[in-house]
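Undergrad: Here's a sequence, model it:
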Amino acid sequence: MFKDQVVQALAAVLPELSADQISDLLETPKTSDLGDYAFPTFALAKIKRMAPNKIAAELAPTIDATPFEAVKAVGGYVNFFLDKMSFAHATLMAIDEAGDNFGSQTLGVGDVTIDMSSPNIAKPMSMGHLRSTVIGNALANILTKTGYTPIKINHLGDWGTQFGKLIVAYKLWGSEEEVKADPIKHLLEYYVRFHEEAETKPEMDDEARAWFKKLEDGDPEATKLWAWFREESLKEFNRIYAKLGIDFDSYNGEAFYNDKMDPVVQTLVDKHLLQTSQGAEIVDLEKYNLNPALIKKSDGATLYMTRDLAAAIYRKETYDFVQSLYVVGNEQREHFEQMKAVLKEMGYDWADEIHHIPFGLITKDGKKLSTRKGNIVLLEQVLNDAIDLAKKQIAEKHPDLENADQVAHDVGVGAVIFHDLKNERLDSFDFNLEEVVRFEGETGPYVQYTNARANSILKKTDVSPAAEVALSDTSAWDILKLLADYPNVVARAAKAYEPSVIAKYALRLAKAFNKYYANTKILVDDAELPARLALVSSISQVLTNALALLGVNAPAEM
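TA: Numbers count the residues shown, from 1 in each chain. Below you'll find the predicted structure:
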């Protein structure tokens, strides 16, 4: 609204530029003493054949300054100072009226499929699974806020030769009681033991291949064991997902697409796209500057590419998505470029709506987390340790806190999620739990604690917040501008598929409020107390909204 005022004021005296061009050029000064919006005149220098500072000096007096506190020429800029009272009133009223819906907007409509998390059956969920899971969940929340309908798909790793090995291992050493008691632990033990013993008994690999062939052919015993391993593993996974507060709309994994790959291969044949290279079947993607896409190995076995093509087509036919997101590590970039290119070659123009959402690595002590090398950090253990750390700090700060266990859960789990999401997706980062769960610094608990502080202020008075009361407190100006910018922040996060935009915003707002709190007596019984309380209430509301988009709870007390 206020930006529009600036655009309209400039458009009235700049017929050579459209309103959209003016809007795109507008900047936000680094500090409020330079104004609230700045129009750079450098773009006009060629048109007017004048120095930017001279253009600014001549332009500023021609602008209708009635809606503003001031309009000033500063160097090559025309700086606009907004009417603070009107701005405060409009911002606090908007937040008060919208509540949880503040920031909601319609950037688009329709279903958006999100391929995320995707752990392998019979293997533990490690910290390596965290990024895909929480980035995907945050994107689902952000897309919901901006008008779309997300469909969260957990594309489980539930097929492959490893199941032949697992069946052999279970039949040799396994027990039903062990698997039911702790499925992931024992299934992994069997799998590891198989590899150890197969080093000296290569015939075991032949047996495993034979059992996987049985599974592919629908053998009842193999199918029953596979389904049981999958079901027991999924129970374990869902316990961890519940701890994270994340659910899914589909668990269709690799196995689901077994009967959907032949039609894909047939389409490639019909369109004369398949070529034979060294015995394998490929699609040449030279015109896309990509390596060939491998569709079938020389032994006739299909590959990930075939399965992912089948999955993409199934998802389009089932959901008619307007976008399809794959929240998968950066190392898979070429795979998705190839997949999109093959779909384009098949005549599917909707391939343009497929977006790989890559991300960097989590390291521990500077080393990549790896299951094979034994450098694995179990996700559930990290979450439990984070909750314990939060519990200790809460006991020190607030020993008589009600619902302390629930708050510790919200803080500990929230700390792990927030730490991941405050990092830009493509950045890799080292994980140190003590730093993550600190109540000070750029952490989730710091934002949660700031929100709890705002709530405690509101509880200390019987006076009700009133957004309609005029707020002339100039020290609140930076906070008010941050609050008003929240819908724009949500839009930026949605357009860039970048949850860190929200997390960084929450940190800025928390810092701005803590600075205000340190320098302003809020609970002074004067005419503006209801307005200051409305400001505090708005801060709590927007912090809560921002954390919710990240999948982090905001306890009222800490």
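Undergrad: What lies in contact with stretch 47-57?
TA: Contact partners of stretch 47-57, identified using CB atoms under 8 Å, 6 or more residues apart in numbering, comprise 16, 40-42, 44-45, 58, 73-78. For glycine as for every other residue, the C-beta is placed from the backbone atoms N, C-alpha and C.
Undergrad: so where's the stretch 201-350 of the chain uncertain?
TA: 300-301 (pLDDT under 70).
Undergrad: what about the helices in it?
TA: Applying DSSP state H, counting those that start in this stretch to the stretch 201-350 of the chain gives helices spanning 203-216, 220-244, 261-270, 304-319, 333-345.
Undergrad: so can I have JSON lines of these showing mean neighbour count?
TA: JSON lines is the format used below for the helices of the stretch 201-350 of the chain (neighbours: other CB atoms under 10 Å):
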{"stretch": "helix 203-216", "mean neighbour count": "17"}
{"stretch": "helix 220-244", "mean neighbour count": "17"}
{"stretch": "helix 261-270", "mean neighbour count": "16"}
{"stretch": "helix 304-319", "mean neighbour count": "19"}
{"stretch": "helix 333-345", "mean neighbour count": "18"}
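Undergrad: So which of the contacts of stretch 47-57 belong to strands?
TA: 40, 73-74, 77-78 (DSSP state E).
Undergrad: for the residues you listed, which one is nearest Leu294?
TA: Nearest to Leu294 among the ones in strands among the contacts of stretch 47-57 is Pro40, at 51.0 Å by CB to CB.
Undergrad: beta partners for the residue nearest to the closest one when sequence neighbours are not counted?
TA: For Pro40, ignoring the flanking residues on the chain, the nearest one in space by CB to CB, 6 or more residues apart in numbering is Tyr77 at 5.6 Å. Legend: beta-bridge partners of Tyr77 under DSSP bridges are Pro40, Val74.
Undergrad: re earlier: any of the contacts of stretch 47-57 buried? List them.
TA: Among the contacts of stretch 47-57, those classed as buried by 16 or more other CB atoms under 10 Å are 40-41, 44-45, 73, 76-78.
Undergrad: Can you find the helix or strand in the chain with the smallest mean pLDDT?
TA: Least confident helix or strand, the chain: strand 367-368 with a mean of 72, by mean pLDDT, DSSP states H and E.
Undergrad: What's the separation between the most centrally placed residue in the chain and Asp420?
TA: Centroid check for the chain by CA atoms, centre = their mean gives Ile135 as the closest residue, at 3.0 Å. Computed as CB to CB, to the nearest Å, the Ile135 to Asp420 distance reads 7 Å.
Undergrad: Could you do Ile313 as well?
TA: Note on Ile313: its distance to Asp420, by CB to CB, is 32 Å.
Undergrad: what's the answer for Val13, then?
TA: Taken as CB to CB, the span from Val13 to Asp420 is 48 Å.
Undergrad: before we move on, back to that, farthest-separated two in the buried ones among the contacts of stretch 47-57?
TA: The farthest-apart pair in these, when distances are taken by CB to CB, is Ala45 and Ala73, at 14.5 Å.
Undergrad: Just to be sure, Asp100 is in a helix?
TA: Yes. According to DSSP: H, G, I helix; E, B strand; the rest coil, Asp100 belongs to a helix.
Undergrad: For it, which non-adjacent residue is closest in space?
TA: Asn545 (6.4 Å).
Undergrad: Apart from its neighbours in sequence, what residue is nearest Gly253?
TA: Leu156 (3.0 Å).
Undergrad: Can you spell out the domain ranges of the protein, please?
TA: Using automatic domain parsing, the domain parsing of the chain gives 2-82, 158-247.
Undergrad: Could you list the low-pLDDT ranges of the chain?
TA: Ranges of the chain meeting pLDDT under 70: 300-301, 369-375.
Undergrad: And the strands in it?
TA: Under DSSP E, the chain gives strands at 37-40, 68-74, 77-82, 111-115, 149-153, 274-277, 280-283, 293-296, 323-326, 354-356, 362-364, 367-368, 429-430.
Undergrad: Quick one: closest of those to Phe2.
TA: Comparing the strands of the chain by CB to CB, strand 77-82 comes nearest, at 5.5 Å.
Undergrad: And the closest one, what does it pack against?
TA: Applying 3 or more CB pairs under 8 Å, 6 or more residues apart in numbering; DSSP states H and E, one finds that strand 77-82 contacts helix 2-11, strand 37-40, helix 52-59, strand 68-74.
Undergrad: got CSV for the helices of the stretch 201-350 of the chain, with distance to Pro150 too?
TA: Listed next are the helices of the stretch 201-350 of the chain as CSV, based on distance: least, CB to CB, whole Å:
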stretch, distance to Pro150
helix 203-216, 33
helix 220-244, 16
helix 261-270, 25
helix 304-319, 10
helix 333-345, 19
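Undergrad: now for those helices, which one comes closest to Gly110?
TA: Across the helices of the stretch 201-350 of the chain, closest to Gly110 is helix 304-319 (CB to CB), at 9.0 Å.
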